[in-house]
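[1] Mind folding the following:
(one chain, ligands or ions: 1)
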Amino acid sequence: NTRKHSIMSFHEAAPLARISVTVPISIVVPTYRECENIPHIFNRVRALRDSQNIEIELIFMDDKSNDGSVEAVAAIGEDWVRIVERNGERGLSPAVIDGFQLAQHPVLICMDCDLSHPPEAIPQMVLALASGQEFVLGSRYVKGGSTDDDWGFFRWLNSRIATLLAAPLTSARDPMSGFFALRKESFDHARDLSPVGYKIALELIVKCDVDNVAEVPIHFQDRMHGESKLTLKEQLNYLKHIRRLYIHRFANAMYFLQFMIVGASGVVVNLLTLSLLLWLGASDSVGLVGGIAVSVVSNFLLNRRFTFSYARDRNPWKQFVGFVSASGLGMAVNYSVALYLSKYALPDGQGSIYLAALAGIGSGMIFNFLGNRFVVFRK
Ligand code: GDD
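    Residues are numbered from 1 along each chain as shown. Down below sits the predicted model:
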């Protein structure tokens, strides 16, 4: 991973008083049932705006909370503060994406409504952008960053595992953070945004093809009012999300890995079918043929459903014929390579035939994968 990563410390960067933010910023706050927190976050953002003389628009992106959030924003009565009521599917990430699309200023900030994220860190984040960073995270896991002590062990573990899974995608220490800044220009260049779940910063780092991420340390404070909406369902969504991001970044390697996993599952299906048929009284040859047939079908269905899911809307019968043909040709490649190596290339002696067989299996597998990826299930 050649992507650069730098850590910018709050105090090392510049004392707060000396930072002057001249660029207008749009702060997008996703909200779901946060009416109690709206006046508090508004007060903190207003204090920042007044003390630093920053041009700010504050947009609450609400998913039909129906809890008085709309009224709470109306009561603020400032023209730089508004709430957008979304229709359609509820979700943190889509709400942020919609908010960024509506935002009018060149710098975009996303933060939670519950004051877990200190708005006072925003000038440092903007400064990091101004110094050439493409994406800036408010980070709990760099020097100077922290979380409240009553973060339970499981929440901590959860966050750490999620971060570890993201490591192949970014070297940032806290890509799970919901507090971040980027330029509107970078956001407008994002390709294939498909946000599922909570991890919108990670989605943008990958889809905006960000080369350098800076991290500004923050203290992550537990929410005072309301409750977290981070359910088990959202955590499972994260696994779906991370798979999509891996495919986006490492497309062919991911297809190959999934193809291999399906292949391995085929071995299990084959042996189970064989055992079942023998148990039912079938002959050995019927058992062997049955095992092969069922595993070829299960491999086909799994590859069509998962590995090459992008081609699911095409004719399955044609794909099945292609899949079986690629397997047949793969076996022929396997046999030819093994035969050639054992006869002409490898020295005589014990072990050579096994080496030749392994090389044959490898070549057959690669041929089979390439045939499926680029012919049968081509994009
Ligand atoms: N519009 C909308 N729709 N907003 C939502 C939704 C939704 O479906 N779900 C949550 N939000 C809003 C919340 O109202 C809050 O302002 C923000 O998104 C974060 O949601 P929380 O439910 O408070 O998240 P959390 O405190 O558990 O998780 C925090 O930590 C994660 C890392 O551990 C957040 O900072 C996450 O952004 C962060 O990823």
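[2] what's around A326, how many residues?
    20 (other C-beta atoms under 10 Å). Backbone N, C-alpha and C define where each C-beta goes, glycine included.
[3] Heading C-terminal from the helix or strand hosting Y335, find the next helix or strand.
    Using DSSP states H and E, Y335 sits within helix 316-340. Next in sequence after helix 316-340, counting helices and strands by DSSP H and E, comes helix 352-371.
[4] elements contacting the helix or strand containing L48?
    In this structure, L48 sits in helix 38-52 according to DSSP H and E. Packed against helix 38-52 by the contact rule (3 or more C-beta pairs under 8 Å, 6 or more residues apart in numbering; DSSP states H and E) you find strand 25-31, strand 56-62, helix 69-76, helix 122-130.
[5] and the closest residue to the ligand within the chain, what is it in contact with?
    Among the residues of the chain, G178 lies closest to the ligand, at 1.9 Å counting by C-beta to the nearest ligand atom. Residues in contact with G178 (C-beta atoms under 8 Å, 6 or more residues apart in numbering) are 92, 110-112, 116-117, 198, 200-201.
[6] distance of it from L204?
    As judged by C-beta to C-beta, to the nearest Å, G178 and L204 stand 12 Å apart.
[7] now stretch 75-91, how far from the centre of its chain.
    27 Å (C-alpha atoms, centre = their mean, to the nearest Å).
[8] so for stretch 280-296, what's the average pLDDT?
    Averaging pLDDT along stretch 280-296 gives 94.
[9] Kindly report the residues of this structure close to the ligand.
    Proximity of the chain to the ligand, by C-beta under 6 Å from any ligand atom, involves residues 30-32, 34, 61-63, 90-92, 95, 112-114, 116, 159, 176, 178, 198, 223, 228-230.
[10] just to revisit the earlier point, can you confirm the residue of the chain closest to the ligand is in a helix?
    No - if the criterion is DSSP: H, G, I helix; E, B strand; the rest coil, then G178 is coil and not within a helix.
[11] helices and strands around the strand or helix carrying L202, which ones?
    Here L202, judged by DSSP H and E, is contained in helix 200-207. Applying 3+ C-beta pairs under 8 Å, 6+ apart, one finds that helix 200-207 contacts helix 92-102, strand 135-139, strand 180-183, helix 232-249.
[12] quick one on the thing from earlier: outside of the helix holding L48, which residues touch it?
    With C-beta under 8 Å, 6+ apart as the criterion, helix 38-52 contacts 19-21, 27, 29, 31, 54, 56, 58, 60, 69, 72-73, 75-76, 78, 80-81, 111, 113-115, 118-120, 122-123, 224-225.
[13] got the angle between it and helix 69-76?
    Put simply, helix 38-52 runs at 40 degrees to helix 69-76, going by axes from the mean of the first three to the mean of the last three C-alpha atoms, to 10 degrees.
[14] Restrict helix 38-52 to CA atoms and write it as CSV.
    Taking Å, rounded to 0.1, in the frame of the first residue of the first chain, the C-alpha atoms of helix 38-52 are listed here in CSV:
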residue,chain,number,x,y,z
ILE,A,38,-29.7,19.7,18.3
PRO,A,39,-29.6,22.9,20.4
HIS,A,40,-26.3,21.8,22.1
ILE,A,41,-24.5,21.1,18.9
PHE,A,42,-25.8,24.3,17.4
ASN,A,43,-24.5,26.3,20.4
ARG,A,44,-21.0,24.7,20.0
VAL,A,45,-20.9,25.3,16.2
ARG,A,46,-22.2,28.9,16.7
ALA,A,47,-19.4,29.5,19.3
LEU,A,48,-16.9,28.3,16.8
ARG,A,49,-18.4,30.4,14.0
ASP,A,50,-18.4,33.5,16.0
SER,A,51,-15.0,33.2,17.7
GLN,A,52,-13.2,32.4,14.4
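[15] Any buried residues in it, and which?
    For helix 38-52, the neighbour count (16 or more other C-beta atoms under 10 Å) marks 38, 41-42, 45-46, 48-49, 52 as buried.
[16] now swap in stretch 69-83 and tell me
    So, applying 16+ other C-beta under 10 Å, buried residues of stretch 69-83: 69-70, 72-73, 76, 80-81, 83.
[17] As CSV, these with pLDDT would be great.
    Formatted as CSV, the buried residues of stretch 69-83 follow (pLDDT from 0 to 100):
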residue, pLDDT
S69, 96
V70, 96
A72, 96
V73, 97
I76, 96
W80, 97
V81, 98
I83, 97
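[18] ok so, going back, identify whichever of the helices and strands packed on helix 38-52 lies nearest to L239.
    strand 25-31 (21.3 Å; C-beta to C-beta).
[19] what lines up beside that closest one in the sheet?
    For strand 25-31, the paired strands and their directions (DSSP bridges) read strand 56-62 (parallel), strand 107-110 (parallel).
[20] Check the gap between A201 and F187 for me.
    12 Å.
[21] And those two? Which one has more around it.
    A side-by-side neighbour count of A201 and F187, using other C-beta under 10 Å, places A201 first with 29 against 18.
[22] ok, the closest residue to the more buried one other than its chain neighbours - how many residues close by?
    With C-beta to C-beta, 6 or more residues apart in numbering as the criterion, A201 has its nearest non-adjacent residue at 4.6 Å, and that residue is F180. F180: 28 surrounding residues under other C-beta under 10 Å.
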